[in-house]
Structures are given as C-alpha cells and as structure tokens.
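S.K.: structure for the following, please:
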Amino acid sequence: MASIHKEFVIDARPEAVWSVLSDYGAVHERLAPGFVTDTLLSSDTRTVTFADGTIVFERLVDLDHEAMRVAYTVVGGSLHPSHHHASMQALPEAGGRTRFVWHTDVLPDALAAPIAESVEHGSAVIRRTLEATSSAAPGHRMVFGDAGR
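M.R.: Numbering: from 1, shown residues only. Here you go, the predicted structure:
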C-alpha cells in the first residue's frame with residue numbers, strides 16, 4: 001500500500017483553519033477553490049469535481065472537532081482504488097500558526113504517483129487560500145477571486 005504524507009505550516013490560527021476544513025461540502029468555495037471546481041454534498045458523501053475533470057465520490061469517515069481532523073474515503077468516480085483512506089488535520093503550532101497534515105493511503109500502488117501529484121498541487125492551493133482568508137479583514141469572508149481587488 002502506498003502512503004502519501006504532506007505537512008506544511010500555515011500563517012493562520014488552528015480554529016480558523018478548522019472552520020474551513022470542517023465545512024465538508026464547501027471544498028470548492030473555502031478550502032481549495034480553483035483546484036476543486038465543485039462539491040455536491042448528499043448525506044455523508046460528497047461529489048468532488050477537480051479542475052482537471054476528475055470526479056470522485058468521497059464518503060465522510062470521521063469529523064472530529066476536538067482533534068480538528070476530517071477523514072474520508074473514495075468510494076467511486078473517475079478513480080478506482082481498491083482502497084483509499086485520507087485524513088486532513090489542523091494542529092496548533094507556535095505563534096498561533098497551524099500545521100496542516102494531509103495523509104492518504106491508497107491501493108493499488110499505481111495510483112500513488114498521480115495522487116501524490118494532486119496532493120502537492122492541492123496543498124499549494126490550500127495554503128494560499130487559508131493564509132489569504134486569515135489575512136482578510138475581520139468580518140470579511142473572502143470570496144476566491146477577490147484577492148487581487
């Protein structure tokens with residue numbers, strides 16, 4: 001089984017990061033806009049459409065508010081893993097910053113390279129989005145695309 005692990009520190013408070021991360025049905029609006037173009041939530045499963053046209057069905061496994069961790073598994077769509085389990089977590093760092101941890105286990109191993117590439121690209125978008133959102137004025141909910149205005 002292949003494991004893909006990505007960690008990075010964000011200049012944003014853990015509670016602010018968790019507020020975005022825990023919004024399971026709004027990935028395309030709040031967590032990774034542009035990288036994810038649409039998210040449709042139906043019960044515990046979201047349909048996620050990526051900018052490259054990939055569509056996956058992700059079932060929520062756990063949404064742990066205390067640990068600030070979300071876990072999900074791919075259950076259908078364009079990808080056909082025999083096993084997929086991923087989690088994202090917001091961990092407190094010094095100075096009010098956040099360590100973002102994204103871990104994915106996947107089978108078959110042949111999916112590891114394309115998923116790792118997607119995680120790398122997605123991580124860059126997530127980092128930029130969360131840092132831009134945290135630097136927005138209090139009370140202002142930044143809409144993706146207005147950062148340059």
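
S.K.: from now on I want contacts and neighbour counts done on CA atoms only, so please keep to that.
M.R.: Will do.

S.K.: show the pLDDT at the nearest residue to Leu31 once chain neighbours are set aside.
M.R.: With sequence-adjacent residues excluded and distances taken as C-alpha to C-alpha, 6 or more residues apart in numbering, Leu31 is closest to Ile126, at 5.7 Å. Taken from the predicted model, the pLDDT recorded for Ile126 is 97.

S.K.: what is the burial count for Ile126?
M.R.: Counted with other C-alpha atoms under 10 Å, the burial measure for Ile126 works out to 23 neighbours.

S.K.: please enumerate the strands of the protein.
M.R.: Using DSSP state E, the strands found in the chain span residues 2-10, 36-42, 45-50, 55-64, 69-77, 83-92, 98-107.

S.K.: identify whichever of those strands lies nearest to Glu120.
M.R.: The closest of the strands of the chain to Glu120 is strand 2-10. By C-alpha to C-alpha, the value is 7.6 Å.

S.K.: for the closest one, the averaged confidence score.
M.R.: For strand 2-10, the per-residue pLDDT values average out at 97.

S.K.: centre-most residue in the protein?
M.R.: With the centre of the chain defined as its mean C-alpha position, the nearest residue by C-alpha atoms, centre = their mean is Leu31, 6.0 Å away.

S.K.: where does this protein have low pLDDT?
M.R.: Low-confidence segments of the chain, defined by pLDDT under 70, span residues 135-149.

S.K.: try 90
M.R.: 79, 133-149 (pLDDT under 90).

S.K.: what's next to the biggest helix by length in it, contact-wise?
M.R.: The single longest helix within the chain, with elements called by DSSP state H, is helix 112-135. Helix 112-135 is contacted from outside by 2-4, 6, 8, 10-13, 16-17, 30-35, 106, 141-142, 144, 147, using C-alpha atoms under 8 Å, 6 or more residues apart in numbering.

S.K.: list the buried residues of that helix.
M.R.: 112, 115-116, 119, 122-123, 125-127, 129-131, 133-134 (16 or more other C-alpha atoms under 10 Å).
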